[in-house]
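Chemist: sequence first, then the predicted structure:
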Amino acid sequence: MDSMDYLAQSFSVRFEYRVYFTSGIFEEDNSVLHSFLKERLVPETDQKILFVIDQGVSDKHPRLQQDIAGYFNRHPEVQLVKELLLIPGGEKAKNDASYFEKITEAIHLHGIDRHSYIAAIGGGSVLDLAGYAAAVAHRGINLIRMPTTVLSQNDSGIGVKNGVNHFGKKNFLGTFAPPAAVFNDDRFLTTLDQRNWRSGISEAIKVALIKDAVFFNWIETHAEALVNRERDPMNYLIRRCADLHLQHIGGMDPFEKGSSRPLDFGHWSAHKLEQMTQFAVLHGEAVAMGIALDTVYSSLAGLLSPAQADRILRVLLKLGFEITHPLLQIRDQSSPVLLGLQEFQEHLGGRLTIMLLTEIGAGIEVNEINTDLLIQAGKELSGYQIRETV
């Protein structure tokens, strides 16, 4: 028999899900969730729904658990698991394996199968954790995401990635598993503190810088309204940012098989900074600093005009972001933040690929980073922040 003798198969799988925008999802006259569940009823099957809720969200919305119970009393087609799981928000949810065990144990005890649902309410970390548990239990349980932060409503919560941290590395364990649906409820945003309200705006800046100059212009024009927590501008920002992310996911590489990850502009240093500060710096804050670093680097490398780089930095500062951090100051090849480049490459599983800017709204991917220029970029950012904030 020929040594090259083999069988082969090729097939494709279609994924489709919707991102809904609503207000007061569990109120009596809001039918958006009920309509979705009713549309997906399976005859002669006991479908259940298990809620995993961010503890901080539950604390700030004290009627939430009662509202959920009342909603499913009115709409009993899908059976509510009466035990609502509360999980601490933030990176703690992704760092402590006991929370993953808590969710999978509940899936086992309550008989949650592939026709049933896990509904996750919370910020990006709780959504990532619940999504990972849903993806691996029974090789895939329907996941409903209900993001409660700006960052999760416009970016992480509407995508196809799930994961937890391991070996001290962000999202070392994870899956690509699209949700059954996402429900963005703007009522959850009303209780965010100012840091978390602002934090998610950085992901909108990121996607605008690499994909949509008109959107960046809009953010620049509406920066004051966004800082002042005006509802309509924030709802528009979230919807447009989510739209651009979904367009990218529907492109050629939704499960990131290649080394190209343009939506991670500014993220190689941001992820490392989060780890080095034990996540005291929020993800969106770190992304803002990462955007600033890669913007100035792009300018020093001759890719982006100094005038456009200055414009980007001014928008970040106008929104209240800090644009650098002492741990982002690169002194030599041994500077800890440079490990972010190595970990970024490992995460991609291929050659180093970093997105830089050629102009506002357009980027270019490079495969090498000049440490000397990074050192210079860090120094320029530090001086710029001092000058502009004094």
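Modeler: Received, thanks.

Chemist: drop to CA atoms for contacts and neighbour counts, all remaining ones
Modeler: Fine.

Chemist: phi, psi for Thr358 please.
Modeler: phi -110, psi -30 (degrees, to the nearest 10).

Chemist: please read the previous query as pertaining to Tyr99.
Modeler: For Tyr99, the backbone dihedrals (degrees, to the nearest 10) come out as phi -70, psi -40.

Chemist: again with Ala130
Modeler: Summarising the backbone geometry of Ala130 under the convention degrees, to the nearest 10, its torsions are phi -60, psi -40.

Chemist: also the one 4 residues further on?
Modeler: When read as degrees, to the nearest 10, the backbone of Ala134 gives phi -70, psi -40.

Chemist: does it touch Arg145 like I think?
Modeler: No. Ala134 is beyond contact range of Arg145, at 11.2 Å (criterion: C-alpha atoms under 8 Å).

Chemist: can you list the neighbours in contact with stretch 367-383?
Modeler: 292-293, 296-297, 300-301, 323-325, 328-333, 351-354 (C-alpha atoms under 8 Å, 6 or more residues apart in numbering).

Chemist: next step: the residues you listed restricted to strands.
Modeler: Counting by DSSP state E, the part of the contacts of stretch 367-383 found in strands is Ile354.

Chemist: so which bits of the helix or strand where Ile386 lies are buried?
Modeler: Under the criterion DSSP states H and E, the helix or strand holding Ile386 is helix 371-389. Of the residues in helix 371-389, Leu373, Leu374, Ile375, Gln376, Ala377, Gly378, Lys379, Leu381, Ser382, Tyr384, Gln385 count as buried by neighbour count, 16 or more other C-alpha atoms under 10 Å.

Chemist: starting at the chain centroid, how far to it?
Modeler: Relative to the centre of its chain, helix 371-389 is centred 27 Å away, using C-alpha atoms, centre = their mean, to the nearest Å.

Chemist: repeat for stretch 40-47
Modeler: For stretch 40-47, the distance between its averaged C-alpha position and the chain's averaged C-alpha position is 31 Å (C-alpha atoms, centre = their mean).

Chemist: cool, and stretch 266-284?
Modeler: 13 Å.

Chemist: which residues does it contact?
Modeler: Contacts of stretch 266-284 from elsewhere in the structure, counted by C-alpha under 8 Å, 6+ apart, are 91, 151, 168-170, 196, 198-203, 206, 286-294, 327-328, 337-341, 344, 355.

Chemist: from those residues, list just the buried residues.
Modeler: Neighbour counting with 16+ other C-alpha under 10 Å marks 91, 151, 170, 196, 198-203, 206, 286-294, 328, 337-338, 340-341, 344, 355 as buried within those.

Chemist: from those, which land in strands?
Modeler: Assignment to strands by DSSP E places the following of those there: Lys170, Met355.

Chemist: residues contacting the most centrally placed residue in the chain?
Modeler: Centroid-nearest residue in the chain, with C-alpha atoms, centre = their mean: Ser156, separated by 2.0 Å. Listed by C-alpha under 8 Å, 6+ apart, the contact partners of Ser156 are Gly124.

Chemist: ok, now Gly124?
Modeler: Gly90, Pro147, Thr149, Leu151, Ser152, Ser156, Gly157.

Chemist: which of these lies closest to Trp218?
Modeler: Leu151 (18.2 Å; C-alpha to C-alpha).

Chemist: list the contacts of the closest residue to that closest one other than its chain neighbours.
Modeler: If the residues on either side of it in the chain are set aside, Leu151 comes closest to Gly200, at 3.7 Å by C-alpha to C-alpha, 6 or more residues apart in numbering. The neighbourhood of Gly200, defined by C-alpha under 8 Å, 6+ apart, consists of Thr149, Val150, Leu151, Ser152, Asn154, Gly284.

Chemist: looking at those, which one is closest to Ala242?
Modeler: Ranking the contacts of Gly200 by separation from Ala242, with C-alpha to C-alpha as the measure, puts Asn154 on top at 4.6 Å.

Chemist: neighbours of that closest one, how many?
Modeler: Asn154: 27 surrounding residues under other C-alpha atoms under 10 Å.

Chemist: thought it was touching Ala242?
Modeler: Yes. Here Asn154 reaches Ala242: they are 4.6 Å apart, a contact under C-alpha under 8 Å.

Chemist: now do Thr22 against Thr277, distance only.
Modeler: Spatial separation of Thr22 from Thr277 under the definition C-alpha to C-alpha, to the nearest Å is 35 Å.

Chemist: identify all contacting residues around the strand or helix carrying Ile210.
Modeler: With elements taken from DSSP H and E, the one containing Ile210 is helix 201-211. Counting by C-alpha under 8 Å, 6+ apart, the neighbours of helix 201-211 from elsewhere in the structure are 150-151, 154-155, 214-216, 219, 237-238, 241, 244-245, 262-263, 265-266, 284-285, 287-288, 291, 357, 359-363.
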